[in-house]
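K.L.:
Predicted coordinates and the sequence they were generated for:
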Amino acid sequence: QVQFQESGPGLVKPSQTLSLTCTVSGGSITSSYYAWSWIRQSPGKGLEWMGVISYDDTTYYNPSLKSRTSISRDTSKNEFSLQLSSVTPEDTAVYYCARASAWVYDYWGQGTQVTVSS
């Protein structure tokens, strides 16, 4: 059973960088053929895929967010992180980390609320 613990500030000021970390238990982020994603859901909107870091450290980003998004990992801690720069109130959302195998998402974190406000 893979489990996630998302952590990071719940309130970020406009123009600052949002930083979240997802600590994984029950599975290794370097296990072959798994990929680890950040996905968000803004109020009243559907899920938005932000990006992914695969088992071999390859990253892919949503083109609409690519210029502001960075996903990295720390294999010694079995965790991966999201950084989203130059945030605006439109980046207010519940942020989820999740695991994918062949682009099918099988495990999700509980989500963490991030509000962008001064």
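P.N.:
Everything's here; your move. Only a predicted model underlies this, so the values are computations on that prediction, with no experimental measurement involved.

K.L.:
tell me which element Pro14 falls in.
P.N.:
Following DSSP states H and E, there is no helix or strand that holds Pro14.

K.L.:
Quick check: it touching Glu90?
P.N.:
No: judged on Cβ atoms under 8 Å, Pro14 makes no contact with Glu90 at a distance of 9.9 Å. (Each C-beta comes from the backbone N, C-alpha and C, glycine too.)

K.L.:
Report the set of residues contacting both of those two.
P.N.:
Val116 (Cβ atoms under 8 Å, 6 or more residues apart in numbering).

K.L.:
Looking at these two, which one has more neighbours?
P.N.:
Pro14 (13 against 10; other Cβ atoms under 10 Å).

K.L.:
gap between that one and Ser117?
P.N.:
8 Å (Cβ to Cβ, to the nearest Å).

K.L.:
Need the overlap of contacts for the two.
P.N.:
With Cβ under 8 Å, 6+ apart, Pro14 and Ser117 have common neighbours Pro89.

K.L.:
what about Ile71, distance to Thr21?
P.N.:
Distance check for Ile71 against Thr21: by Cβ to Cβ, it reads 11 Å.
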